[in-house]
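> What follows is a predicted protein model with its sequence.
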Amino acid sequence: MGTVIQLKKQINNSYFDLKNSVEEKLVLVEEKIKNKLTSEVDLVQKISDYHIETGGKRLRALLTLGSSKLCGYLKGGRDINLAACVELIHGATLLHDDVIDNGDLRRGKKTTNVIWGNQSSILAGDYLLSRCFEMMVEDGNLEILKLLSSTSAKIAQGEILQLQHKDEVDMLEETYLNIISSKTAVLFSAATKVGAILAERNNKEKEALEFYGKNLGLTFQIADDTLDYNSEIIAFGKKVGNDFYEGKITLPIILLFQQSNDSEKKQLENIFNKKIRSEDDFTEVLKLISKYKIISECYKKADHFINLASNSLSIFNNTEEKKILENLTSFSIERSF
């Protein structure tokens, strides 16, 4: 994985190159989100303001702006509107996720469900989705409306599929990939494909950017799930173990179960069958992960999707925008924030 300093340098370069390339439009995206989330209902406004204040990387908005620029969409503000739309979909899923997972922290701050309760958080997520659909209709492009509406449906299905397989320690890797394809990768692919649609590029280029976004999203989620079991990343300020304590079965556990002997498999089954898992349980799992070098195995899996994402951009001309998106493929696996 390299040293901590090397990783941080690579991450910051690739992410901030994209951010700096569309900086002016990103400011307008933030304004669009803030304006769209105004409400006459006091509690809705409070939750919306709090959600905006928690910020985030705005990576999905950046992907929409970056892919639009790559495809030559320079005039007009439709990319700004749709980048905001993509972020609202993402924001809604986070609000819903925190309720489903009983989450208490998001980006270092208390979650909305902790402050205002589950019911208000669910309805706030629905409010974000409603505003997003208003923006899609305002854009007026049926292809984009179909893409983003179907994306929202797939995300919901991915969440349900994950719940269906919760604590299933012998989950197939194929099932895991189906879950993260729906939960995460589908919004990445929509964010990037939107750029090609806006610029009225041909189907081959639309599919290339869709494929790029999908594989970037898979890499992002695999890296995120791996960080949860990588104690070496504590130096970055990452809190490890969230997925473990919630009983989510992710790639590190799937690969670990595949490689464990019979007694270790039984141990893992017993741990994940518990309603509440302890710190000692987590320590035991980390020992097995270290024994079988699972972290490096996960990153090898992610490398495959990095290569697919990067190669999908080969049909585009060699421009600075293309270079930035190519370099971004390493951001997901090496990021420190």
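Yep, it's here. Numbering: from 1, shown residues only.

> Pull out the buried positions in the helix ranked longest in the chain.
Secondary structure of the chain per DSSP state H: the longest helix is helix 203-227. Going by neighbour count (16 or more other CB atoms under 10 Å), the buried part of helix 203-227 is 205-206, 208-227. Backbone N, C-alpha and C define where each C-beta goes, glycine included.

> ok, now stretch 93-103?
Applying 16+ other CB under 10 Å to stretch 93-103 flags 93-101, 103 as buried.

> hmm, back to that, from the middle of its chain, how far away would the longest helix of the chain be?
Relative to its chain's centre, helix 203-227 lies at 10 Å (CA atoms, centre = their mean, to the nearest Å).

> which helices and strands does that helix pack with?
With contacts taken as 3 or more CB pairs under 8 Å, 6 or more residues apart in numbering; DSSP states H and E, helix 203-227 sits against helix 59-70, helix 173-180, helix 186-198, helix 251-259, helix 294-311, helix 331-334.

> got a list of what the residue nearest to D97 when sequence neighbours are not counted touches?
Counting by CB to CB, 6 or more residues apart in numbering, the nearest residue to D97 once its immediate chain neighbours are dropped is G103, at 6.8 Å. Residues in contact with G103 (CB atoms under 8 Å, 6 or more residues apart in numbering) are 97, 111, 113.

> For G103, pull up the helix or strand it's in.
Here G103 is covered by no helix or strand, with elements defined by DSSP states H and E.

> Quick check: pLDDT value at the closest residue to K193 other than its chain neighbours.
Excluding the flanking residues, the one nearest K193 by CB to CB, 6+ apart is E210, at 4.1 Å. With respect to pLDDT, E210 scores 98.

> swap in K300?
pLDDT for K300: 95.

> Tell me how far it lies from I294.
10 Å (CB to CB, to the nearest Å).

> who's more crowded, those two?
I294 (25 against 11; other CB atoms under 10 Å).

> wouldn't that one be in contact with P252 here?
Yes. Counting by CB atoms under 8 Å, I294 touches P252, with 5.2 Å between them.

> ranges for the helices of the stretch 1-150 of the chain?
With helices called from DSSP state H, counting those that start in this stretch, the stretch 1-150 of the chain shows them at 4-21, 23-36, 42-54, 59-70, 78-100, 112-116, 118-139, 142-164.

> Now for L198: which residues touch it?
When the contact criterion is CB under 8 Å, 6+ apart, the partners of L198 are 68, 71, 73, 78-79, 82, 141, 144.
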